[in-house]
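[1] Attaching a predicted model along with its sequence, questions to come.
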Amino acid sequence: MYEISADPARLDVPRIHDWLSTDAYWALGRTLATQQAAIDGSLNFGAYHPATGAQHAYARVVTDLATFAYLCDVYVDPATRGQGLGTTLVTAIRDHLTPYGLRRVVLATADAHAVYAKVGFTPLTDPDNWMTLGLS
């Protein structure tokens with residue numbers, strides 16, 4: 001069983017940056033400076049091996065901790081995939097956010113709908129209400 005922690009001091013930032021900038025379709029080429037800024041402005045979660053302390057998964061949440069949260073950069077080390085760690089991590093994040101009474105937690109995914117559905121996420125009921133401003 002992996003340990004899930006929101007302690008920013010435990011994050012393996014070089015590993016997170018390598019994972020995302022080289023293997024995550026949504027963050028390919030992201031610079032270390034950009035990743036560090038994203039970490040600094042977010043609530044971050046890591047999943048750590050209980051015996052070694054090595055980080056095996058990461059996710060961050062952009063939130064005001066009052067009304068809204070955006071779950072993003074969810075990544076599980078390829079060597080650890082298929083063992084339920086992604087579901088465990090997202091469940092821990094959901095449970096961490098629950099006491100805040102947020103009105104909405106959103107995410108975007110191209111390929112992991114089933115993982116998030118296990119935790120209670122559903123497709124938008126009114127996607128026409130949502131808009132985006134893509135600057136880059």
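    Good, I have the coordinates.

[2] Run through the bridge partners of the residue nearest in space to the middle of the chain.
    Closest to where the C-alpha atoms of the chain average out (CA atoms, centre = their mean) is Ala59, at 2.5 Å. According to DSSP bridges, the partner residues bridging Ala59 are Phe45.

[3] Per-residue pLDDT of it, please?
    Per-residue pLDDT puts Ala59 at 98.

[4] so it makes contact with Thr91?
    No: judged on CB atoms under 8 Å, Ala59 makes no contact with Thr91 at a distance of 11.2 Å. In this view, the C-beta of every residue, glycine as well, is placed from N, C-alpha and C.

[5] contacting residues for the residue nearest to the centre of the chain?
    Applying CB atoms under 8 Å, 6 or more residues apart in numbering, we find Ala59 in contact with 44-45, 71-75, 89-90, 93.

[6] Mind doing that once more with 6 Å?
    Going by CB atoms under 6 Å, 6 or more residues apart in numbering, Ala59 touches 45, 74, 89.

[7] same thing with Ser21?
    Arg30.

[8] Swap in 10 Å and give it another go.
    Neighbouring residues of Ser21 by CB atoms under 10 Å, 6 or more residues apart in numbering: 27-32, 34-35.

[9] Next, work out how far apart Leu20 and Leu28 are.
    According to CB to CB, to the nearest Å, Leu20 and Leu28 sit 8 Å apart.

[10] who has more neighbours, those two?
    More neighbours surround Leu20 than the other of Leu20 and Leu28, with 21 against 10 (other CB atoms under 10 Å).

[11] that older thread, I'd like the contacts of Ser21 as CSV, with distance to Gln55, pLDDT and secondary structure appended.
    Output for the contacts of Ser21, formatted as CSV (distance: CB to CB, whole Å; pLDDT from 0 to 100; DSSP: H, G, I helix; E, B strand; the rest coil):
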residue, distance to Gln55, pLDDT, secondary structure
Ala27, 16, 98, coil
Leu28, 20, 98, coil
Gly29, 22, 98, coil
Arg30, 17, 98, coil
Thr31, 20, 98, coil
Leu32, 16, 98, helix
Thr34, 19, 98, helix
Gln35, 14, 98, helix
